[in-house]
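> no sequence for this one, just the structure:
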């Protein structure tokens, strides 16, 4: 079994913000691959489905970004899912808008949601799909930037990236990390 977690903040005021692209990718994955209805469990919205013959749990933590690890670790422990089968989808200000970067592990890179997951899982060795939301403009506070909505000009680019992130997550499960990285890692 795999666990795919899309990170974001649960309140409606955060919908369509840069920090919620992980949530949006999880919703896209849910809809495109016909996962079951979401149920509240483990401080998250959880649904089940199948990707490439593998049973999958889709998780959207309802704990707010900086406490995402609580929900992800609880689901992983309950279903005995090893870290290498936990895929996390989240925003990254270090990547250009719309670029994807898949990795098999690594540090949190300053992302509070990832810090929480690493802390609660006790490892950095889990796959991740990073969605580039662009670098913050000079003079902007980082928190203000990631909680801002995309501009009208940015929307087509980020919508395409969210769809690609959902497909990349499915590819990790069905085809393996190496093939998924070759298919979906953006070239600079």
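Cool, got the structure. Quick caveat, the model's predicted, so the values are computed rather than measured.
> avg pLDDT for the helix or strand containing residue 171?
Element membership of residue 171, judged by DSSP states H and E, is helix 155-175. Here the mean pLDDT over helix 155-175 is 96, rounded to a whole number.
> just the helices in this protein please.
If you assign secondary structure with DSSP state H, the helices in the chain sit at 21-32, 68-79, 112-121, 142-146, 155-175, 177-184.
> Flag every buried residue along the fourth one.
Of the residues in helix 142-146, 145, 146 count as buried by neighbour count, 16 or more other Cβ atoms under 10 Å. Quick note: C-beta positions are derived from backbone N, CA and C, even for glycine.
> pLDDT averaged over it - what is it?
89.
> Show me what that helix is in contact with.
Contact with helix 142-146 is made by 17, 18, 19, 91, 93, 133, 136, 137, as judged by Cβ atoms under 8 Å, 6 or more residues apart in numbering.
> roughly how far apart are the second one and residue 121?
Here the criterion is Cβ to Cβ, to the nearest Å. By it, residue 18 lies 24 Å from residue 121.
> who's more crowded, these two?
Under the criterion of other Cβ atoms under 10 Å, the comparison of residue 18 against residue 121 puts residue 18 first, with 23 against 19.
> neighbours around the residue found closest to residue 103 once you drop the neighbours it is linked to in the chain, how many?
Once its chain neighbours are removed from consideration, residue 103 has its nearest residue in residue 128; the separation is 5.5 Å (Cβ to Cβ, 6 or more residues apart in numbering). A count of nearby residues for residue 128, using other Cβ under 10 Å, gives 27.
> for the helix holding residue 171, packing partners?
When contacts are defined as 3 or more Cβ pairs under 8 Å, 6 or more residues apart in numbering; DSSP states H and E, helix 155-175 sits against strand 2-6, helix 21-32, strand 44-51, strand 54-61, strand 86-92, strand 100-103, strand 128-132, helix 177-184.
> residues contacting the residue nearest the centre of the chain?
In the chain, the C-alpha nearest the mean C-alpha coordinate belongs to residue 89, at 1.5 Å (Cα atoms, centre = their mean). By Cβ under 8 Å, 6+ apart, the contact list for residue 89 reads 4-7, 21-22, 25-26, 128-129, 131, 165-166, 169.
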